[in-house]
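> based on what follows, work out the 3D shape:
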Amino acid sequence: MSNISIFGLGYVGCVGVGCLAQLGHRVIGVDPQQTKIDFINKGQPTIIEEGIADVIAAQHAAGRIRATSSAAEAIAATEVSFICVGTPPTSQGHLDLTAIRKVAAEIGNALQQKADRHVIALRSTVLPGTREEVVAIIAQISGRISGQDFAVISNPEFLREGSSVKDFFKPPYTLIGSDCAWATEVMRGVYSGIDAAFLTTEPKVAELMKYVCNSFHALKIVFANEVGNICQKLGIDGQKLMEIFCQDTKLNISKAYLTPGFAFGGSCLPKDLKALQTIAHDNYLQTPVLEAIVRSNDHQKELALQEIQRFGCRKLAFLGLSFKSGTDDLRESPIIDVIERLLGKGYHIQIYDRHVHLSRLVGANREYILQKIPLISEFISDNLESVLDHAELIIVVNREPGLKEALLTLPKRRPIYDLANLGLNRSTLPALSRDC
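Just a heads-up that it's a prediction; the model follows:
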């Protein structure tokens, strides 16, 4: 078991004191407010939260928790410190890191008197790059070396008010953002009694995760409310509809469609999204989230167009034309809008898609592509080698078996813009130049 100090005895800190002690650790709470210190030293919580009063009382009685205002005392008696102080918004919407910087300075001063290694876990919700600032403050003040004498890791919390004690012991996962192997192993020991996967990642990924999670939760709430409003107008039980919706864990409540990449298209998503918006409009309902989806999707196309132009190449090879791999469906394919604009700007374009053969296209599929790019036959080829030979820049649109291996073994290296998440962006291909 570890000796742990927790800086900040507010919501996250108080829960941490009690729950880490219940795991068997000896925990010291640190706070400048004497009232909070007195609460902990009397075996009482500093917050109102289901279950926390019993936890704090039991662990105080067991002699595993206490509190102090002295950072030096806490650092001297512990091997791991959690920073759990508040990061309130400023009037401009940024984070006020005053408390974070103050605690970092206190820890730096205390480490001057300590020979043993120390791990600092940044538990407060902070923006990417904050951990680096904390490292710099501690290193400058203490004179110690980061990664050798001390380490700062990012360890965001996923506690919901009202169920924080349960969430502490059964989180979705324990996330550690670390660039220090020994510090990661220390934290693995701290959380060894937690019923959850122990995940490690880059510090900045961990720092951003809480914001992404909470933003997605907010999006889900607003989406469900907009659907509920539509259901109410149509005399449909919205609760029942969403209950069935959530039972689809293959597509709806899953990792499906949650990989960053290019825009969506095809014959279903754009059409059905527009239909749902029309239903809302016909019933005099505003659906700002649903209406923003198309704008966001169009913006993703614009970003791709801008990135292609930034390469400075005039001869382009597009590998993929259909809206997704394994199909010849060109309807609402997002890359077609990009190609159409590039042709209008005078770019020389060749396209290869193993599934798209103009002679076989019929009906709405054929009409769509001929309307968008009337002379498509001049730009599309069934010869991959000739398309690649033409290119100064290769744009990968769709995933195809063997495509990654083929591109990695090209005799002539050229820049690649990877929209299909094959791992072929410029950073993965050494000795590539932007020059065309």
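> once you drop chain neighbours, what's closest to F245?
N252 (5.6 Å; CB to CB, 6 or more residues apart in numbering). (Glycine included, C-beta is placed from N, CA and C.)
> ramachandran angles for S215?
phi -70, psi -40 (degrees, to the nearest 10).
> need the per-residue pLDDT for it.
Model confidence at S215, given as pLDDT, is 93.
> same check, this time on P401
So, for P401, pLDDT stands at 85.
> quick one: it from L422, how far?
11 Å (CB to CB, to the nearest Å).
> repeat for N41
Look at N41 and L422: by CB to CB, they are 58 Å apart.
> which of the two has more neighbours?
L422 (19 against 14; other CB atoms under 10 Å).
> contacting residues for the more buried one?
Residues near L422 by CB atoms under 8 Å, 6 or more residues apart in numbering: 396, 399, 403-404, 407.
> one more pass at 6 Å, please.
Neighbouring residues of L422 by CB atoms under 6 Å, 6 or more residues apart in numbering: 396, 404.
> phi, psi for it please.
The phi/psi pair for L422 (degrees, to the nearest 10) is phi -90, psi 0.
> okay, now the unreliable bits of this structure?
Residue ranges of the chain with pLDDT under 70: 359, 425-436.
> try 80 this time
Within the chain, the set of residues satisfying pLDDT under 80 comprises 93, 358-361, 364, 412-413, 424-436.
> what segments of it are strands?
3-7, 26-30, 65-68, 80-83, 118-122, 150-154, 174-177, 198-201, 315-319, 348-352, 380-381, 393-396, 416-418 (DSSP state E).
> just put these in JSON lines and tack on distance to E243 and mean neighbour count.
What follows is the strands of the chain, written out as JSON lines (distance: least, CB to CB, whole Å; neighbours: other CB atoms under 10 Å):
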{"stretch": "strand 3-7", "distance to E243": "40", "mean neighbour count": "26"}
{"stretch": "strand 26-30", "distance to E243": "41", "mean neighbour count": "26"}
{"stretch": "strand 65-68", "distance to E243": "42", "mean neighbour count": "22"}
{"stretch": "strand 80-83", "distance to E243": "38", "mean neighbour count": "26"}
{"stretch": "strand 118-122", "distance to E243": "38", "mean neighbour count": "26"}
{"stretch": "strand 150-154", "distance to E243": "36", "mean neighbour count": "26"}
{"stretch": "strand 174-177", "distance to E243": "30", "mean neighbour count": "22"}
{"stretch": "strand 198-201", "distance to E243": "30", "mean neighbour count": "14"}
{"stretch": "strand 315-319", "distance to E243": "42", "mean neighbour count": "24"}
{"stretch": "strand 348-352", "distance to E243": "44", "mean neighbour count": "20"}
{"stretch": "strand 380-381", "distance to E243": "46", "mean neighbour count": "18"}
{"stretch": "strand 393-396", "distance to E243": "40", "mean neighbour count": "23"}
{"stretch": "strand 416-418", "distance to E243": "39", "mean neighbour count": "21"}
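> which one is R64 nearest to, not counting chain neighbours?
What sits nearest to R64 in space, not counting adjacent residues and going by CB to CB, 6+ apart, is A21, at 4.1 Å.
> quick one: contacts for the one you found?
With CB under 6 Å, 6+ apart, A21 has these contacts: 27, 59, 64-65.
> cutoff 10 Å now
Contacts for A21 (CB atoms under 10 Å, 6 or more residues apart in numbering) come out as 1, 4, 27, 29, 55-56, 58-60, 62-66.
> what are the bridge partners for the nearest residue to L424 once chain neighbours are set aside, then?
The spatial neighbour of L424 that comes closest, neighbours along the chain excluded (CB to CB, 6+ apart), is D418 at 4.1 Å. Residues in a beta bridge with D418, per DSSP bridges, are V396.
> roughly how far apart are the closest residue to K210 other than its chain neighbours and A53?
Distance criterion CB to CB, 6+ apart; nearest residue to K210, sequence neighbours excluded, is P156 at 4.3 Å. Distance of P156 to A53, computed by CB to CB: 25 Å.
> neighbour-wise, which of those two wins?
Legend: neighbour count by other CB under 10 Å for P156 and A53, higher for P156 (22 against 16).
> pretty sure the more buried one sits against K204.
No: applying CB atoms under 10 Å, one finds P156 not in contact with K204, separated by 11.7 Å.
> give the residues shared as contacts by the two.
Common neighbours of P156 and K204 (CB under 10 Å, 6+ apart) are G177.
> quick one: residues contacting Q148.
Taking CB under 10 Å, 6+ apart, one finds 117, 180, 182 in contact with Q148.
> and these, which are buried?
117, 180 (16 or more other CB atoms under 10 Å).
> could you single out the nearest of the contacts of Q148 to P374?
Closest approach to P374 among the contacts of Q148 (CB to CB): C180, at 58.9 Å.
> list the contacts of the nearest residue to that closest one once chain neighbours are set aside.
Leaving aside its sequence neighbours, C180 sits nearest to A151 (CB to CB, 6+ apart; 4.0 Å). A151 is in contact with 117-121, 135, 138, 178-184, 186-187, counting by CB under 10 Å, 6+ apart.
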